[in-house]
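Visitor: Provided below are the primary sequence and the corresponding predicted coordinates.
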Amino acid sequence: APAAAVIPAAGLGLRLGPGAPKALRPLGGTPMLVHAVRAMARGRTIALVVVVAPAEQVALVRSLLDEHPPPPGVEQAVVAGGATRQESVRLGLAALPESVGVVLVHDAARPLVPVETVDAVTAAVRAGAPAVVPALPVTDTVKAIAHPGAPGEPEPVVATPERALLRAVQTPQGFDRATLLAAHEAATSDLATDDAGLVERMGVEVVLVPGHEEAFKVTRPLDLLLAEAVLARRRI
Ligand code: C5P
């Protein structure tokens, strides 16, 4: 069965500063979203890439993607997103044909993920894992707080989890299609920041495979500088 990628790209990206929705900001002169779509379309056995765009920008995103046709054998489609990432992913999943067996969910905000990472995730799902997540060890020590404080107020620490047992997770996260659909159907809130978390809550095992430094998420202005530098290095 073919694999498909769903790319939630309906976020506004306010942390990046004012301007166009994040997915449409240029990187090396090309919108971040186009980089993300290309990265998925190059993946082995990927037959379809579904982009979930801000509702008001579906037509714009469609014409943008038409300017950058996918490789032969890969189709691309654009659907309208929702108010949260989780809702946007659900709307993307609803656009997949029955024939799809493996689904990758990839943030538009991770435009530079190498194809080797994409293929490793797909391969692990095909080898039998229902949910596969690329991840890296964390370099910062992480503190837990009871709840976010008011801006500028000190926040009391409640715990320091052992760093060696923490991983920072990336995308694409790969799933057996039925497992991911069931996880979204079983979800009781709309607050999930990743799809694997929903699968965990169903009691299904999620496994990690090595992620890649270049699959970092472009969230803040500094991340844009890093992304431009990574692209420039690739073009040498
Ligand atoms: O906000 P965050 O960085 O976690 O967003 C991750 C991804 O989810 C981004 O690619 C963003 O465009 C997408 N998203 C979405 N719909 C929303 C919110 C975020 O597709 N309502």
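Guide: Yep, that arrived.

Visitor: ranges for the helices of this structure?
Guide: Remark: helices assigned in the chain by DSSP state H are 32-41, 58-66, 85-93, 115-126, 177-186, 195-201, 221-235.

Visitor: Which strands and helices lie in contact with the second one?
Guide: Using 3 or more C-beta pairs under 8 Å, 6 or more residues apart in numbering; DSSP states H and E as the contact criterion, the neighbours of helix 58-66 among helices and strands are helix 32-41, strand 46-53, strand 75-80. All C-beta atoms are positioned from the backbone trio N, CA, C, and that covers glycine.

Visitor: Output those in JSON lines, with distance to Ala164 appended to each entry.
Guide: Converted to JSON lines, the helices and strands packed on helix 58-66 look like this (distance: least, C-beta to C-beta, whole Å):
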{"stretch": "helix 32-41", "distance to Ala164": "30"}
{"stretch": "strand 46-53", "distance to Ala164": "34"}
{"stretch": "strand 75-80", "distance to Ala164": "41"}
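
Visitor: and of these, who's closest to Glu116?
Guide: helix 32-41 (10.7 Å; C-beta to C-beta).

Visitor: where does that closest one sit relative to the chain's centre, distance-wise?
Guide: The chain centroid and the centroid of helix 32-41 are separated by 11 Å under C-alpha atoms, centre = their mean, to the nearest Å.

Visitor: right, is that helix up against the ligand?
Guide: No: counting by C-beta under 6 Å from any ligand atom, the ligand has no neighbours in helix 32-41; the shortest distance is 7.8 Å.

Visitor: Save the helices of the chain as a markdown table, and put in mean pLDDT too.
Guide: A markdown table is the format used below for those (pLDDT from 0 to 100):
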| stretch | mean pLDDT |
| --- | --- |
| helix 32-41 | 97 |
| helix 58-66 | 95 |
| helix 85-93 | 96 |
| helix 115-126 | 98 |
| helix 177-186 | 97 |
| helix 195-201 | 97 |
| helix 221-235 | 95 |
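
Visitor: tell me the most buried of these?
Guide: Among these, the stretch with the highest mean neighbour count (mean count of other C-beta atoms under 10 Å) is helix 32-41, at a mean of 24.

Visitor: Output the contacting helices and strands for that helix.
Guide: Using 3+ C-beta pairs under 8 Å, 6+ apart: helix 32-41 touches strand 3-8, strand 46-53, helix 58-66, helix 115-126.

Visitor: quick one: which of these is nearest the ligand?
Guide: Closest approach to the ligand among the helices and strands packed on helix 32-41 is made by strand 3-8 (3.1 Å; C-beta to the nearest ligand atom).

Visitor: is it true that Ile7 touches Gly92?
Guide: Yes: the criterion here is C-beta atoms under 8 Å, and Ile7 meets it with Gly92 at 7.4 Å.
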